[in-house]
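Student: Let me see the structure of the following:
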Amino acid sequence: DRDGKVTFSLSSGVDITHERRLIQELRQSEERFRDLFENTPIGLLRCTADGILRTANKRLAWILGHESQEALAGLSLHKIFHPDTPAARFLEHVERFGVVRGIDAWLNRADGTTIWARVSSRAMRDNAGKTIHYETAVEDITRQKEAEKKLARQSEFERILTRLATSFVKAKPESAEAALGEAVQTLTRFMGGDRGYISETVASPGVFHVQAEWTSVGIEPKSAVIRKTDAAGLPWFFREIGQGKVVCAMRLDDLPAAASVDRATLAAQSVRSIALIPLIAPHGIVGVFGVESVRQERDWSQEPLEALNLAGEVLAGSIGQRYYEMALHRRLGLYALMISASIRLAGVTRSDVDSVMQEAIGELGRNLGADGVCFMRTTGDNDPASHQHYRWESSPDSGQACPLRMLLDTKITNEKLNAGEIVCTGPDTDMPAGMSTPPCHIAAIPFAGQAGTRAYLALWSERPLQPRIGDEMLSLVRIFGEMCERSFEKM
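Tutor: Have a look, this model is predicted:
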């Protein structure tokens, strides 16, 4: 009223319960979205149309190796994407199609490493169709890619082994050597090696006897390196291989103290990484397949052990088949030689004995694949002038002293030969005290004649005679030598 007293009041009210509820629900929705955004196992980001990051979640920071998501703000996708999978191409696709799903890309991490990621994105546009920003999801698929790569490599390796095994089965005896060389090349290149080879035997103290080899351009072959370095071998490696183990060394410094000789040998041959796989046949170890890297270090220990063993079995099967075929061929050839020689020696006279004997031992050496053959017949008076001595060599100008004479001039082996024992020795044989190491592999067979006469037949080769010339073949050679001795007794 006029006196200022309140006579009545007028009030109005609006029910905002629904609005309050909507605000609360919106706040809860935002919190749920923020929780999902921050804790999802997939990296999420929002960037401008030119690829500048505005927001990102913790998972993306972890994927890219950053300490916090704040550290990603302001970064450009052009720096995050690897040049091999450029961001410009990715952004172009998002802008053009509006949505891009499941693109695989290389991403750079903060520490300089790279990862594989699967990236999906969509363009957010205003009513006029202008791009406001891109919302992008990033999933780390590095492990998946590595597993796929490993599986693909294993499948390729199995296809290679299948093809090699088939080629070995189809290969004719005269082309077996070429098939083996092709296998060495294929497997070495697949494993990324610079030098690959097959050593036909595993002999103490671990010296290679290269049967087939391949090297990349500019790398010396294993056979040449061995001759050049005059290395002492790989005794530790071969002891391990002798137990059927696959042995790999990424770095020479990783070898144990027991492999000091091996380390020095490989260093002299400029080897940085090596893998040796035993070739195991049903009757035992027939050799070793070696792969070496000279230009860079390679970790072959990650290769599946089963795959490497399978490669060894395929190669061992080929070598075993080749040995069997060659042994059969040599045995049949030796039978034919013995029949032919017996006919010629049956009617030999003193005037033509020299030519017949020289021809016979030459045929024997060629049949057995030896470097040299010698037949010597001595009388009881030990007068060298009264000895018959026939010698054949695959390289007549070798200038090498007669290995048989060396055995006869050594007391220990002389006594064994005169006692009727077959003597087999070589550079990798443990020699008894007082005996020098022979320059090649030798097998000497003695024969006792009449009236104190003794005869000896010797074979020698730079390569090991075993398993090319086993006990059965030596028995046939002994029969051949006895046949030669009897022809002298008849004259």
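Student: Heading C-terminal from the lengthiest helix in the chain, find the next helix or strand.
Tutor: Ranked by residue count and defined by DSSP state H, the top helix of the chain is helix 305-346. With elements assigned by DSSP states H and E, the helix or strand that comes after helix 305-346 is helix 353-368.
Student: That next one vs helix 305-346, what angle?
Tutor: Interaxial angle, helix 353-368 versus helix 305-346 (axes from the mean of the first three to the mean of the last three Cα atoms, to 10 degrees): 160 degrees.
Student: Show me what helix 353-368 is packed up against.
Tutor: helix 305-346, strand 372-378, strand 388-393, strand 454-461, helix 471-490 (3 or more Cβ pairs under 8 Å, 6 or more residues apart in numbering; DSSP states H and E). For glycine as for every other residue, the C-beta is placed from the backbone atoms N, C-alpha and C.
Student: which residues are in contact with that helix?
Tutor: Residues external to helix 353-368 that are found in contact with it (Cβ atoms under 8 Å, 6 or more residues apart in numbering): 330, 333-334, 337, 340-341, 344-345, 348, 370-375, 388, 390-394, 457, 459, 468-469, 473, 477, 480, 484, 487-488, 491.
Student: Of the residues you listed, grab the buried ones for PyMOL.
Tutor: Under the burial definition 16 or more other Cβ atoms under 10 Å, those of the contacts of helix 353-368 that qualify are selected in PyMOL by:
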select buried, resi 330+334+337+341+345+348+370+371+372+373+374+375+388+390+391+392+393+457+459+468+469+473+477+480+484+487+488
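Student: hmm, back to that, mean confidence score for the longest helix of the chain?
Tutor: For helix 305-346, mean pLDDT is 76.
Student: so what does it touch, helix or strand wise?
Tutor: Judged by 3+ Cβ pairs under 8 Å, 6+ apart, helix 305-346 is in contact with helix 142-170, helix 176-190, strand 273-281, strand 284-293, helix 353-368, helix 471-490.
Student: Could you dump these into a markdown table and include mean pLDDT and distance to residue 301?
Tutor: Output for the helices and strands packed on helix 305-346, formatted as a markdown table (pLDDT from 0 to 100; distance: least, Cβ to Cβ, whole Å):
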| stretch | mean pLDDT | distance to residue 301 |
| --- | --- | --- |
| helix 142-170 | 81 | 14 |
| helix 176-190 | 84 | 16 |
| strand 273-281 | 86 | 8 |
| strand 284-293 | 84 | 12 |
| helix 353-368 | 86 | 41 |
| helix 471-490 | 79 | 39 |
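Student: ok, back up a step: quick one: work out the angle between the longest helix of the chain and helix 471-490.
Tutor: On the basis of the same axes, to 10 degrees, helix 305-346 is oriented at 10 degrees to helix 471-490.
Student: rewinding a little: any chance of a markdown table for the helices and strands packed on helix 305-346, columns distance to residue 249?
Tutor: Converted to a markdown table, those look like this (distance: least, Cβ to Cβ, whole Å):
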| stretch | distance to residue 249 |
| --- | --- |
| helix 142-170 | 21 |
| helix 176-190 | 16 |
| strand 273-281 | 5 |
| strand 284-293 | 10 |
| helix 353-368 | 37 |
| helix 471-490 | 37 |
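Student: Among the ones you listed, which comes closest to residue 54?
Tutor: helix 142-170 (25.9 Å; Cβ to Cβ).
Student: so who does residue 90 touch?
Tutor: 77, 81, 100, 103, 105, 119, 121.
Student: nearest to residue 438, of those?
Tutor: When those are ranked by distance to residue 438 (Cβ to Cβ), residue 105 comes first, at 65.0 Å.
Student: Now do the SS call for that closest one.
Tutor: Under DSSP: H, G, I helix; E, B strand; the rest coil, residue 105 falls in the strand class.
Student: Beta-bridge partners for it, please?
Tutor: residue 117 (DSSP bridges).
Student: quick one: residue 465 and residue 459 touch, right?
Tutor: Yes - counting by Cβ atoms under 8 Å, residue 465 touches residue 459, with 6.5 Å between them.
Student: Which neighbours do these two have in common?
Tutor: Common neighbours of residue 465 and residue 459 (Cβ under 8 Å, 6+ apart) are 370, 442, 443.
Student: do you know how far the first one is from residue 331?
Tutor: Meaning residue 370. As judged by Cβ to Cβ, to the nearest Å, residue 370 and residue 331 stand 15 Å apart.
Student: ditto for the second one
Tutor: When distances are taken as Cβ to Cβ, residue 442 and residue 331 turn out to be 21 Å apart.
Student: same deal with the last one?
Tutor: In this structure, residue 443 and residue 331 are separated by 16 Å, where distance is defined by Cβ to Cβ.
Student: between the two, who's got more neighbours?
Tutor: Using other Cβ atoms under 10 Å as the criterion, residue 443 and residue 331 rank with residue 443 on top: 23 against 14.
Student: That one: what's it in contact with?
Tutor: Residues near residue 443 by Cβ under 8 Å, 6+ apart: 422, 423, 424, 458, 459, 460, 465, 469, 474, 477.
Student: Which residue in those has the weakest pLDDT?
Tutor: residue 469 (71).
Student: Name the SS class of that residue, please.
Tutor: Of the three states, residue 469 takes coil according to three-state DSSP.
Student: How about it: what's its closest non-neighbour residue?
Tutor: Leaving aside its sequence neighbours, residue 469 sits nearest to residue 368 (Cβ to Cβ, 6 or more residues apart in numbering; 5.8 Å).
Student: now swap in residue 121 and tell me
Tutor: Spatial nearest neighbour of residue 121, excluding adjacent residues (Cβ to Cβ, 6+ apart): residue 136 at 4.0 Å.
Student: For residue 148, see how far away the residue nearest to residue 313 when sequence neighbours are not counted is.
Tutor: Leaving aside its sequence neighbours, residue 313 sits nearest to residue 280 (Cβ to Cβ, 6+ apart; 6.8 Å). Applying Cβ to Cβ, the value for residue 280 to residue 148 is 32 Å.
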